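> any chance you could fold what I've pasted below:
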Amino acid sequence: MDKTSISGSTARHVATRTPVGFLAFGFGSGLAPKAPGTVGTLMGMLVGLPLAGVPLWAGLVIVALAFLAGIPICQKASTALGVHDHSGIVWDEFVGIWLVLVLVPFEPAWWLAAFLAFRLFDVVKPWPIGWLDRKVDGGFGIMLDDLIAALYAAAVLIAIRNLLPPGG
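Below is the predicted model:
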């Protein structure tokens, strides 16, 4: 089955009737009828606002724990849906954007750039992201491609930040 070939009512049932589904579907944001990954990323940014107030090390620990928690969360939701990496499962987008956000300044322009860069790499899936997305199954596979997309986005943004003049 492909990423969306189940009924909307099945996805809604999983997302609203089970705690794991509620988390996997990003508190319901993954039920968006169009661009659930983008909507999930935006919800992830909203939920991730408190990350702006924590030291880098704490933010990285939070992201690592959320990644590890995401493996069984995404696996259980995927199993309940009968579809690997259903487009409504957006916990991986939450964790991906959180990683980028802890690595950039807490400023509107940087958070907008974080959103755009992460979505670009998550949608385009340059090597090895697309390959991993196709080859690595289960909850780990669902989480891994977004983690790599986040690392690509963060690397680009950090490089840009380092090229800017001080205070830029």
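> who's in contact with the worst-scoring helix or strand of the chain on mean pLDDT?
Least confident element among the helices and strands of the chain, by mean pLDDT, DSSP states H and E: helix 8-17 (a mean of 84). Here helix 8-17 makes contact (C-beta atoms under 8 Å, 6 or more residues apart in numbering) with Gly21, Phe22, Ala24, Phe25, Gly28, Gly30, Leu31, Ala77, Ala80, Leu81, His86, Gly88. The way it works is simple: take the backbone N, C-alpha and C, and place the C-beta from them, glycine included.
> quick one: contacts for the first one?
It stands for Gly21. His13, Val14, Ala15, Lys76, Ala77, Ala80.
> I'd like these as CSV, with neighbour count and distance to Leu151 appended.
Putting the contacts of Gly21 into CSV (neighbours: other C-beta atoms under 10 Å; distance: C-beta to C-beta, whole Å) gives the following:
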residue, neighbour count, distance to Leu151
His13, 14, 34
Val14, 27, 29
Ala15, 27, 28
Lys76, 18, 25
Ala77, 28, 24
Ala80, 19, 29
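> make CSV from these and add distance to Gly130 to it.
Shown next, in CSV, are the contacts of Gly21 (distance: C-beta to C-beta, whole Å):
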residue, distance to Gly130
His13, 30
Val14, 26
Ala15, 26
Lys76, 25
Ala77, 22
Ala80, 26
